[in-house]
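> Starting from these lines, generate the structure:
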Amino acid sequence: MKQFVLFLFSILVLSCSIDDEDKSQIPNGDYKQLMRDFVIGISKYTKAQNPSFIIVPQNGIELVSKNGEDITAPHTEYLNAVDANGQEDLLYGYDSDNQPTPDETITYLKGFLNLSKSSGKMILVTDYCTGNVNMDDAYSKNKISGFVSFAADHRELNNIPSYPTPIYAENNSMITSITQVNNFLYLINPESYATRAAFIAAVTSTNYDLLIMDLYFNDGSSFTSPEIEKLKSKANGGKRLVISYMSIGEAENYRYYWQSSWNSSKPVWMEAENPDWPGNFKVKYWQTEWQNIIYGNDNCYAKKIINAGFDGVYLDIIDAFEYFE
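Numbers count the residues shown, from 1 in each chain. Purely as a prediction, here's the structure:
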């Protein structure tokens, strides 16, 4: 009996020692819904300023389902907040670059992707493969599925592939909506280009309908509104959409918001470093401090993207809920 009393006392002391700040860090356990709420918040904020602003989450496709499992039950509020879904490694690259994704994984992912597609959302697939045969296969099979495809021959997404030529589904249309996109270029790492002018020249010599790029150049400076406007022109006279990459499930130590003090003392919302991508740190994405960095105020990341003239945002590390689950 004495031991039981001591046990109850220790529990009471422990619970009293958790202050209000600590309690605010404890989620309700539904990490999928916490990410849905985050994306919905970003969507509401950006679309309040520009109703046509495009929201595209990448990966974490289970969120389109009401419970993250049933592919017949769409999560309507989440789907209403997004304009498309991005998916990496659907056909190539899931286990290793240039290797076919296992059939069971393809079937699993396509179940959720088709749920989103049936709700009127565009599906943008990035497969990591090289060689004409595999790249042709990726483009062909994604087209059959009704998905828009990009075969990336560099995982670093730092180049414009030389194959195919001309690019897949090339056209000279004036693209004004994500639903009109027939192809896209995923080029978020400009390290191969010595200057911003060189980067712009390389992109404007192509005819992709959609460009996914980074707000920032190699030197940390952001692209300007006039520069983004130039990037919206295709070489053949058509127009493209330009959207900016933004990671919301990890903090990156090379971004404008990074504070030097975090190198020695991480904020309470920051978790472990991603072993596969040095400099990227998992975050408790439901925390107000992190969300304030991403959206909701004049100094936030989303506001900088809007001010630069982008047509939308490509949200990465949506699948961060898996880390916490």
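> so who does Leu91 touch?
Contacts for Leu91 were tallied using C-beta atoms under 8 Å, 6 or more residues apart in numbering; they are 100-101, 106, 125, 127, 129, 137-138, 141-142. C-beta: built from backbone N, CA, C; applies to glycine.
> Tell me the secondary structure at Gly220.
Three-state assignment for Gly220 (DSSP: H, G, I helix; E, B strand; the rest coil): coil.
> how close does it sit to Asp214?
When C-beta to C-beta, to the nearest Å is applied, the distance between Gly220 and Asp214 equals 11 Å.
> just to revisit the earlier point, list the ones among the contacts of Leu91 that fall in strands.
125, 127 (DSSP state E).
> Span of stretch 269-281 from start to end?
10 Å (C-alpha to C-alpha, to the nearest Å).
> about what we covered before: select from the contacts of Leu91 the one having the most neighbours.
Neighbours here are counted as other C-beta atoms under 10 Å. On that basis the top member of those is Asp127, with 28 neighbours.
> Surely it and Ala152 touch.
Yes: with contact defined as C-beta atoms under 8 Å, Asp127 reaches Ala152; the gap is 7.0 Å.
> that older thread, could you dump the contacts of Leu91 into a markdown table with distance to Phe112 and pLDDT added?
A markdown table is the format used below for the contacts of Leu91 (distance: C-beta to C-beta, whole Å; pLDDT from 0 to 100):
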| residue | distance to Phe112 | pLDDT |
| --- | --- | --- |
| Pro100 | 20 | 98 |
| Thr101 | 14 | 98 |
| Ile106 | 12 | 98 |
| Val125 | 13 | 99 |
| Asp127 | 17 | 98 |
| Cys129 | 22 | 98 |
| Asp137 | 22 | 98 |
| Ala138 | 19 | 98 |
| Lys141 | 17 | 98 |
| Asn142 | 15 | 98 |
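> On the pLDDT front, check Gly29 for me.
Gly29 is assigned a pLDDT of 75 by the prediction.
> Would you check how far apart it and Glu322 are?
Gly29 sits at a distance of 14 Å from Glu322 (criterion: C-beta to C-beta).
> I figured Asn297 hits Thr288, correct?
No: under the criterion of C-beta under 8 Å, Asn297 is not in contact with Thr288, lying 11.5 Å apart.
> State which helix of the protein is the longest.
The helix that spans the most residues within the chain, counting by DSSP state H, is helix 31-49.
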